[in-house]
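Asks: with the input below, show me the fold.
(2 chains)
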Amino acid sequence: MFRQIVRILPVLLVGIALVQPEAHAQNSKPKSNKKSKTNASAAPQWDASEISISSSRVEGSIDVRNVESNVWDAATQVAVPVTNQNMVAPMLTEPSVDTMYVKSIHDSSWVAFRLQWADETKDVTIDSDVFCDQVAVQLPVGKVDLPSPMMGHTSTPVHIVHWKGVWQADCETGFRDIVDAYPNIWVDYYPTRESDLDRTVRVFAKDVPAEMIAVQSPNILPGTAAHNPVSSIKRKQPVEEARAEGYGTYTTSERQLAVGWGSWKNGMWTVCIVIPINNQDAMRPTIEGRTKVGFAVWNGKQQNVGSRKHWAQWSDLILQP
Amino acid sequence: MATVNNWQLKREMEYPLEDAKPKKQIAYVFDTNKCIACQTCTVACKTTWTSGRGEETIFFNNVETKPYGSYPLKWDVNLMKEMKDQVWDSKTGEYKGLTVFEATEEDGRIKGWRPEERDYAFPNIGEDEVLGTMEKGAFFNGIHDVWMFYLARICNHCSYPACLAACPRKAIYKREEDGIVLIDQSRCRGYRECVKACPYKKTFFNMVTRVSEKCIGCYPLIEQGQQPRCVTTCIGKIRMQGFLGQPDQIRKDNPLDMLVHVKKVALPLYPQFGTQPNVYYVPPIHVPKDFLYQMFGPNVDETIETYKNMKDDKELLAAFLLFGNTPYIIHSYQAFDTYTVGYNEKGDELVRVPYTETPFVRPYRDEKLATYRHNTP
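Replies: Below is the predicted model of the structure:
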């Protein structure tokens, strides 16, 4: 019942129309696939960007969780300037990151990015006034018109792979429940603890039976019951793949294929994000030859969240043969 | 920014979105003079909607003791400090200050503040605490020297919601059929822009699901023609929920229109914020007026006068007597000679309440149990 959307405001209608790319794609999938194949060999005719990132070809597998692997030695590091997003509200008025250091490698099937930036604090939790560090890689979908570097536009969507510190903490140490945040908490009654009469066993949110969340009590964990990826309590990957067609349209992709991992050491984040190169799926970017890549970074300590972020202009991404 | 008409401010104001009025607008009247802060409403709401993990500090409904009580901490004081001068034209009754949409932040966003985690740690701070001192020889002259009152609060399902306007993802929407404001739980990503923008601080961040939640106006009940849980469980019968007409579409047989528009006996909470809130309060009658002007706007005197004279105004009395006497939504009512009747949307009678309860005296001896009734010390 929480998923009901009533369309009342014209502006809201536009918003809803924009953010249902999956539904739209399902209808137009055969056509799009065909188009994709036709254009497969044609490189996009986009002007060169100021910054060019060369993705070296490597042999063997890429271990995403080993961010300091010597497989990265072959790649050339590129400094990508980032600026605070001050074009669209809500804006980031005070920047705290100015440069990202980017390396890229590929093995013909997957392209990997290693992103580094200075951040004095490791912020990987979330609370009412606590925000987490995040980073994202953005790629254009389609080859005709170059999308806006600010999350694309209606006819020119972008694909985003988004790593979140709090999601990695979920993978590393388990889902952060209320008792993890407040070890001395006492609650008289949770509906999910009815059978727990002696009150000695802690039943965590992740232990709540799926059927209870989905069917019986959507008001126990509403976001989770509504299948919101943000509210997932059984997370396996710290990255999320999404599609956007303009501001405020970030929508989780149906297929989650990318992987990622991050490590914070001595005031520096190092995050690896690995994305499949080409999968014959018109909804996803086809990464070959020369294309574009964009980045965004959030500093949790400075309450960066959503569009309150640092972003980079498009860079050229050149996959070396 | 669009220009919209806010009748509570008697002027037009700036709002980030175009005006889009729902077919019906949910509204409530709360009589603060009858509230005893028993928190039955709070508990009814909590057990119905927010008993899950991460919802420990989420109170869609709370009752706070004014002036010291506030949840989250200093929700109103903090905002009023930032809004500076909130002045009303004494002749026209027009609001001359800036609303939260007009007194914007540096980055052009709606004026607001985001509570810290600690601000949610004291749900009933200031309970029963009074303001003022009692001097020797003091006597009651209509306004108490030492005072407090209880303020029951829920989401105002505002006509111009700040939470909705602040959401960059348009995850918040106002229902066309009843004006209830909801957060789409599948679309929200927990940016907390709504938490910052809502002047009443009635959107809450759930740290377990990592998205925000708010009062849903018990819409599953509304859809079945019933009043929300916080209304029907109120033991003091201080609340009524119904639908409020626009000022140019007043229906005198609608008890909400009668109370708010015709008799003007209930006032919006902090109308100067500019969201055109839809919970209307009968102000407490024995509290210093300056405090009430600040909280309910400039019409407090007339409102209290009307309220005090209710016994001589059958139309008004008839509307008040319908409070808490039926779980169903009253769409219209009629004042008869000795009783009042509330009707549903179809015109079926829902409840009949006499103006004066018939006295019933129990006999001293209970013949059935063959015993005398008496008080046992």
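Asks: host element of B:M295?
Replies: Assessed by DSSP states H and E, B:M295 sits inside helix B:289-296.
Asks: please work out the average pLDDT along whichever helix or strand comes after that helix.
Replies: Where DSSP H and E defines the elements, the next helix or strand beyond helix B:289-296 is helix B:300-308. Averaged over helix B:300-308, pLDDT sits at 97.
Asks: please state the offset of helix B:300-308 from the chain centre?
Replies: Distance of helix B:300-308 from its chain centroid, counting by C-alpha atoms, centre = their mean, to the nearest Å, is 18 Å.
Asks: contacting residues around A:D133?
Replies: Contacts for A:D133 (C-beta atoms under 8 Å, 6 or more residues apart in numbering or on different chains) come out as A:D119, A:K122, A:D123, A:V124, A:G165, A:W264, A:W269, A:W298, A:N299, A:G300, A:K301. The way it works is simple: take the backbone N, C-alpha and C, and place the C-beta from them, glycine included.
Asks: hang on, the earlier thing: now do the helix holding B:M295: which elements does it pack against?
Replies: helix B:300-308 (3 or more C-beta pairs under 8 Å, 6 or more residues apart in numbering or on different chains; DSSP states H and E).
Asks: now do the helix it packs on against helix B:289-296, angle only.
Replies: Angle, helix B:300-308 to helix B:289-296, by axes from the mean of the first three to the mean of the last three C-alpha atoms, to 10 degrees: 90 degrees.
Asks: can you give the contact residues for helix B:300-308?
Replies: For helix B:300-308, the external contacting residues (C-beta under 8 Å, 6+ apart) are B:33, B:263-267, B:282-283, B:285, B:289, B:292-293, B:296, B:313, B:316.
Asks: which other helices and strands does the following helix or strand past it contact?
Replies: The helix or strand immediately downstream of helix B:300-308 is helix B:314-320, counting by DSSP H and E. With contacts taken as 3+ C-beta pairs under 8 Å, 6+ apart, helix B:314-320 sits against strand B:332-335, strand B:339-343.
Asks: how far does helix B:314-320 sit from the chain's center?
Replies: Using C-alpha atoms, centre = their mean, the offset of helix B:314-320 from its chain centre is 19 Å.
Asks: any stretches of the stretch 201-321 of chain A with poor pLDDT?
Replies: Where the stretch 201-321 of chain A drops to pLDDT under 70, the residues are A:201-219, A:279.
Asks: walk me through the domains of chain A.
Replies: Listed domain ranges for chain A are A:10-173+A:235-319, A:178-224 (source: automatic domain parsing).
Asks: out of those domains, deepest packed?
Replies: domain A:10-173+A:235-319 (a mean of 18; mean count of other C-beta atoms under 10 Å in any protein chain shown).
Asks: distance from the chain centre to it, please.
Replies: With C-alpha atoms, centre = their mean, you get 6 Å for domain A:10-173+A:235-319.
Asks: sec struct for A:V111, please.
Replies: Secondary structure, DSSP: H, G, I helix; E, B strand; the rest coil: A:V111 is strand.
Asks: who are the contact partners of it?
Replies: A:S55, A:S104, A:I105, A:V274, A:I275, A:I277, A:I287, A:L317, A:L319.
Asks: my guess is the fourth one contacts A:V64. True?
Replies: Yes. A contact is recorded between A:V274 and A:V64 when judged using C-beta atoms under 8 Å, the distance being 5.0 Å.
Asks: which residues do those two both contact?
Replies: A:A112, A:V259, A:G260.
Asks: what does the helix or strand encompassing the last one contact?
Replies: By that I understand A:G260. According to DSSP H and E, A:G260 maps onto strand A:259-265. Strand A:259-265 is contacted by residues A:64-65, A:67-68, A:119, A:122, A:133, A:135, A:161, A:163, A:165, A:168, A:237-239, A:269-274 when judged by C-beta under 8 Å, 6+ apart.
Asks: show me where the stretch 151-300 of chain A has its helices.
Replies: For the stretch 151-300 of chain A, helices defined by DSSP state H, counting those that start in this stretch occupy the ranges A:165-173, A:178-181, A:210-211, A:222-225.
Asks: minimum distance to chain B: which of those has it?
Replies: Smallest distance to chain B across the helices of the stretch 151-300 of chain A (C-beta to the nearest C-beta): 3.4 Å, for helix A:222-225.
Asks: does that closest one reach chain B?
Replies: Yes. Helix A:222-225 reaches chain B (C-beta under 8 Å from any C-beta of the partner chain) through A:P222, A:G223, A:T224, A:A225.
Asks: and B:D31, backbone torsions?
Replies: Dihedral pair for B:D31: phi -100, psi 100, per degrees, to the nearest 10.
Asks: surely it and B:L321 touch.
Replies: No. Counting by C-beta under 8 Å, B:D31 stays clear of B:L321, with 11.6 Å between them.
Asks: between the two, who's got more neighbours?
Replies: Using other C-beta atoms under 10 Å in any protein chain shown as the criterion, B:D31 and B:L321 rank with B:D31 on top: 25 against 21.
Asks: need the pLDDT of that one.
Replies: On the pLDDT scale, B:D31 gets 98.
Asks: next: the one 5 residues further on.
Replies: In this model, B:I36 is scored at 97, pLDDT.
Asks: need the contact list for it.
Replies: Taking C-beta under 8 Å, 6+ apart, we find B:I36 in contact with B:Y150, B:G236.
Asks: okay, and it sits in which element?
Replies: Using DSSP H and E, B:I36 sits within no helix or strand.
Asks: and for stretch A:68-75, what's in contact with it?
Replies: Applying C-beta under 8 Å, 6+ apart, the external contacts of stretch A:68-75 come out as A:54-56, A:58, A:60, A:62-63, A:103-105, A:114, A:263, A:270.
Asks: let's see it at 6 Å
Replies: Contacts to stretch A:68-75, defined as C-beta atoms under 6 Å, 6 or more residues apart in numbering or on different chains, come from residues A:S56, A:V58, A:D63, A:K103, A:I105, A:R114.
Asks: how about these, which pair is most distant?
Replies: Between any two of these, the greatest separation by C-beta to C-beta is 16.2 Å, found for A:S56 and A:D63.
Asks: can you read off the pLDDT for the most centrally placed residue in chain B?
Replies: Nearest to the mean C-alpha position of chain B, by C-alpha atoms, centre = their mean, lies B:V279 at 3.3 Å. pLDDT recorded at B:V279 is 98.
Asks: give the buried residues for stretch B:303-311.
Replies: Residues B:T303, B:I304, B:T306, B:Y307, B:M310 are the ones in stretch B:303-311 that count as buried (16 or more other C-beta atoms under 10 Å in any protein chain shown).
Asks: make a markdown table from those residues and add distance to A:L146 to it.
Replies: Formatted as a markdown table, those follow (distance: C-beta to C-beta, whole Å):
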| residue | distance to A:L146 |
| --- | --- |
| B:T303 | 61 |
| B:I304 | 65 |
| B:T306 | 65 |
| B:Y307 | 65 |
| B:M310 | 69 |
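Asks: closest one of those to chain A?
Replies: Checking the buried residues of stretch B:303-311 one by one against chain A (C-beta to the nearest C-beta), the nearest turns out to be B:T303, at 31.7 Å.
Asks: get me the contact residues on chain B for chain A.
Replies: B:17, B:20, B:49, B:51-53, B:107-109, B:116-117, B:168-170, B:173-176, B:185-186, B:189-191, B:193, B:205, B:207-211 (C-beta under 6 Å from any C-beta of the partner chain).
Asks: need the buried ones from these selected in PyMOL.
Replies: Buried residues among the residues of chain B next to chain A (16+ other C-beta under 10 Å), as a PyMOL selection:
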select buried, chain B and resi 17+49+51+52+53+109+117+168+169+170+173+174+175+176+185+186+189+190+191+193+205+207+208+209+210+211
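Asks: and chain B, which of the contacts of stretch A:68-75 reach it?
Replies: Among these, chain B is touched by none when using C-beta under 6 Å from any C-beta.
Asks: which one of these is nearest A:M91?
Replies: A:R114 (28.7 Å).
Asks: give me the angle between the host helix or strand of that closest one and strand A:259-265.
Replies: Here A:R114, judged by DSSP H and E, is contained in strand A:110-118. Put simply, strand A:110-118 runs at 20 degrees to strand A:259-265, going by the same axes, to 10 degrees.
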